[in-house]
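Participant: Any chance you can model this:
(chains A and B)
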Amino acid sequence: MTVLDLLGADDATDVVPPVVELRGAARQFPGDPPVNALHPADLQVRAGEYLSVVGPSGSGKSTLLNLLGLLDRPSSGEYLVDGIPTAQAGERERAAVRAQHIGFVFQAFHLLPHRTVLENVLLATIYSGVPRTERRDRAAEALDRVGLTHRLDFRPTVLSGGERQRTAVARAVVSQPRVLLADEPTGNLDSESSAAVLELFDELHADGLTLLVITHEDDVSARAQRRVRITDGHLRELA
Amino acid sequence: MTAVAQRVPRGDRFGAGDLLAEAAAGIGARPGRLMLTILGTVLGIASVVVTVGLAQTAAGQINKQFDAVAATQGAAEAATSSLGGDELALGTLPWDAPERAERLNGVEAAGLVSEIEAEGLEVTTVPVHDPSASRTASTPVMATSAGALAALDGRVVQGRYFDAGHDQRGDRVVVLGADAADRLGVVRVDRQPSIFIGERAYQVIGVVDDVVRRTDLLSAVILPNGTARADLGLTVPQELHLHLQVGAGPLVGSQLPTALSPDAPEKVKVGVPTGGSAVQRSVQADISAIFLALGGVALLIGGVGIANVTLLSVLERVGEIGLRRALGATRRQIAAQFMVESVVVGMLGGLVGAALGVAVVTAVSAASRWTPILDLRMVAVAALSGGLIGLLAGLYPSMKAASIEPISALRGGV
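Facilitator: As a prediction, this is how the structure comes out:
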């Protein structure tokens, strides 16, 4: 069930474009022989969906994530974000789409060690064009949402793994993206912290955020409402 | 896609303020490394400032001393040629050379000085030939014009110097140098003592001292030119001494040969001080050339140092660069950030170096009791050139940073 279903807009699919849409997108890496990391794939993720992509290592998960996150371009086919074609778009436009439409959460957190938790979250606001006067309030609000209000002025180096990942989630949602892309979000966490982060994802989903989680762990992918399996570069929808 | 770009008001996009803040945070993250990074630039800029500052100070100092003693001294004599092994005078100075010279602008006093070298010219206080007396070094005899004492900065300590009247009439009067007076036992001139040159008696009318420009006069018996010509066979004057106004050297030097020898100016050899500014320039040029080269080398090393550390910082922060790209930074914004970091580091080095240089110039001047002279514009230029060095040093690392692919950067994991 999607947000659109809840709104009772059955025919809205014809009007509102999907948040992300792959149209025959493929990625081939040059070599001898060339490596087909992703075979031509079609995928639509609508607003409010919680989708997981599951697959073993080497299956093409990372290639798919890079395409979805506009960190890489498809070799062929088209990729649309909010109906905007991006495959042939210029570097600046793709950067702008990344900044305003997509929030990233990485396995390795990627927090700046010399900045405070608040400053790390603020970093996302300067590139996504959040009005200057609102930046601090928005960052504090995002950190409140992930339950880190008491850690604003700490450096990430003194935080636990779970707290670091929650900081990263706050950074990903502070610019109010259309979709949250998470790459093995629990890969570096113990089970307790993993549960807390997945709980947070459920809450964000309940608030209407579109989530796309890439993982090799079945229990993580099981939390999603819709699941896609990737094997040897082939995407397959799971019932 | 312009729709996306337009959604963000201009003032809230990643701007100069954000750029500076991010660069400052990047620099401030490692204060210890910053010190090492700017060290090369600090030393380079400081050595340039010290070089130029000390050159200016020293030139000012030299100029001051130079003015006091040498800048007012000049001389002229007949040019010579060494054709055939003998020194041959090509011409002669006229007897009225002092009058001709004093007509020139910048000449305050002029006087002729000649040595008289005649055989058997003995100077005694009594005209008695005493074969038993031990031979002593003979007292030199010299002839001058009346104004020579002023031209030579001498001082009369007793009696008077002879005047133009004595000179024209060929009066048998002499003035003694202070050492000669001692040797001849002349203590007081008011008793009108006489000395003998050969067989002739001459009345001593004065004693002179402090003739710093021609110290050989101190041990000599000095006659008026006219007297020397009449009695001792002086035929041509030897040397014209001049007392010049400060800075008049170049002007007098160009005019004096024509004044003394209108038909053949090349036959007069003139020695005058070069202008003060010319001396200052040449001193500055000598010192500056060496030390500016050293400073340049230090600056080059400083620039390479900044480039190295910035490149190292880029490689260390690959993850951060990938993250910023993922958060929406363009390649240009990444390049700009590292560029600004490099420029700021360079300018810091320039500022610290300029301050250090000024301190050294002041300290050296204070220790040597000189007046420190330093062009303040040069200090500002030095600080700015630190920024320029940072700019050049940051070019390659910035390009490197901009070329980092976010995928590989984020996969590395930090």
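
Participant: Only C-alpha atoms from now on, for both contacts and neighbour counts.
Facilitator: Will do.

Participant: Can you name the residue of chain A nearest to chain B?
Facilitator: A:A99 (4.0 Å; CA to the nearest CA).

Participant: List the residues that contact A:R236.
Facilitator: By CA atoms under 8 Å, 6 or more residues apart in numbering or on different chains, A:R236 lies in contact with A:228-230.

Participant: before we move on, which element is it in?
Facilitator: strand A:234-238 (DSSP states H and E).

Participant: can you list the residues of chain A near chain B?
Facilitator: With CA under 8 Å from any CA of the partner chain as the criterion, chain A meets chain B at residues A:66, A:69, A:71-72, A:84, A:91-93, A:95-100, A:103-104, A:106-112, A:114, A:124, A:126-132.

Participant: Can you say which of those are buried?
Facilitator: A:66, A:69, A:71-72, A:84, A:92-93, A:95-100, A:103-104, A:106-112, A:114, A:124, A:126-131 (16 or more other CA atoms under 10 Å in any protein chain shown).

Participant: Which of those fall in helices?
Facilitator: A:66, A:92-93, A:95-100, A:124, A:126-128 (DSSP state H).

Participant: which among those residues gets closest to B:A354?
Facilitator: Lowest distance from B:A354 to those (CA to CA) belongs to A:I126, with 35.2 Å.

Participant: close enough to count as contact, that closest one and B:R13?
Facilitator: Yes. Assessed by CA atoms under 8 Å, A:I126 is found in contact with B:R13 at 6.9 Å.

Participant: before we move on, back to that, contacts only, for the residue of chain A closest to chain B.
Facilitator: Contacts of A:A99 by CA under 8 Å, 6+ apart are A:124, A:127-128, A:175, B:326-329.

Participant: quick one, domains of chain B?
Facilitator: Per automatic domain parsing, the domain ranges recorded for chain B read B:17-66+B:279-410, B:92-263.

Participant: Next, count neighbours for B:T258.
Facilitator: For B:T258, the neighbour count with other CA atoms under 10 Å in any protein chain shown is 16.

Participant: show me what contacts it?
Facilitator: The contact partners of B:T258, by CA under 8 Å, 6+ apart, come to B:264-265.

Participant: And the strands in chain B?
Facilitator: For chain B, applying DSSP state E gives strands covering B:73-78, B:80-81, B:88-89, B:107-116, B:123-124, B:141-144, B:155-159, B:173-177, B:194-197, B:200-209, B:221-224, B:239-244, B:268-271.

Participant: Check chain A too.
Facilitator: Under DSSP E, chain A gives strands at A:20-29, A:35-45, A:50-54, A:76-81, A:84-85, A:102-105, A:179-183, A:210-215, A:226-231, A:234-238.

Participant: what comes into contact with the third one?
Facilitator: Residues lying outside strand A:50-54 but in contact with it, judged by CA under 8 Å, 6+ apart, are A:45, A:61, A:205, A:210-218, A:221-222, A:224-230.

Participant: can you list the weak-confidence ranges in chain A?
Facilitator: A:1-15 (pLDDT under 70).

Participant: The stretch 201-350 of chain B now?
Facilitator: Applying pLDDT under 70 to the stretch 201-350 of chain B picks out residues B:273-288.

Participant: Of all residues in it, which one is closest to chain A?
Facilitator: B:G328 (4.0 Å).

Participant: thought that residue was touching A:H101?
Facilitator: No. Counting by CA under 8 Å, B:G328 does not reach A:H101; the two are 9.7 Å apart.

Participant: In terms of neighbours, single out the busier of these two.
Facilitator: B:G328 (30 against 22).

Participant: Measure how far the top helix by length along chain A is from the centre of its chain, please.
Facilitator: Determined from DSSP H, the single longest helix within chain A is helix A:191-206. In terms of CA atoms, centre = their mean, to the nearest Å, the centre of helix A:191-206 is set 14 Å apart from its chain centre.

Participant: Next, the buried residues of that helix.
Facilitator: Quick answer for helix A:191-206 (16+ other CA under 10 Å): A:193-194, A:196-198, A:200-202, A:204-205.

Participant: Specify the angle between it and strand A:179-183 in degrees.
Facilitator: 160 degrees (axes from the mean of the first three to the mean of the last three CA atoms, to 10 degrees).

Participant: Geometrically speaking, which residue is the centre of chain A?
Facilitator: Nearest residue to the geometric centre of chain A (CA atoms, centre = their mean): A:L181, 0.7 Å.

Participant: For that one, give me its contacts.
Facilitator: Here A:L181 is in contact with A:65, A:69, A:102-105, A:211-214 (CA under 8 Å, 6+ apart).

Participant: Quick check: beta-bridge partners of it?
Facilitator: As for beta bridges, A:L181 partners with A:F104, A:L212 under DSSP bridges.

Participant: that older thread, any chance of the buried residues of helix A:191-206 in a markdown table, plus distance to B:G198?
Facilitator: As requested, the buried residues of helix A:191-206 are exported to a markdown table (distance: CA to CA, whole Å):
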| residue | distance to B:G198 |
| --- | --- |
| A:S193 | 124 |
| A:S194 | 125 |
| A:A196 | 127 |
| A:V197 | 125 |
| A:L198 | 128 |
| A:L200 | 127 |
| A:F201 | 127 |
| A:D202 | 131 |
| A:L204 | 128 |
| A:H205 | 130 |
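
Participant: Let me know the closest of those residues to B:A366.
Facilitator: A:S193 (67.5 Å).

Participant: Setting the sequence-adjacent residues aside, check what's closest to the closest one.
Facilitator: A:G162 (4.7 Å; CA to CA, 6 or more residues apart in numbering or on different chains).
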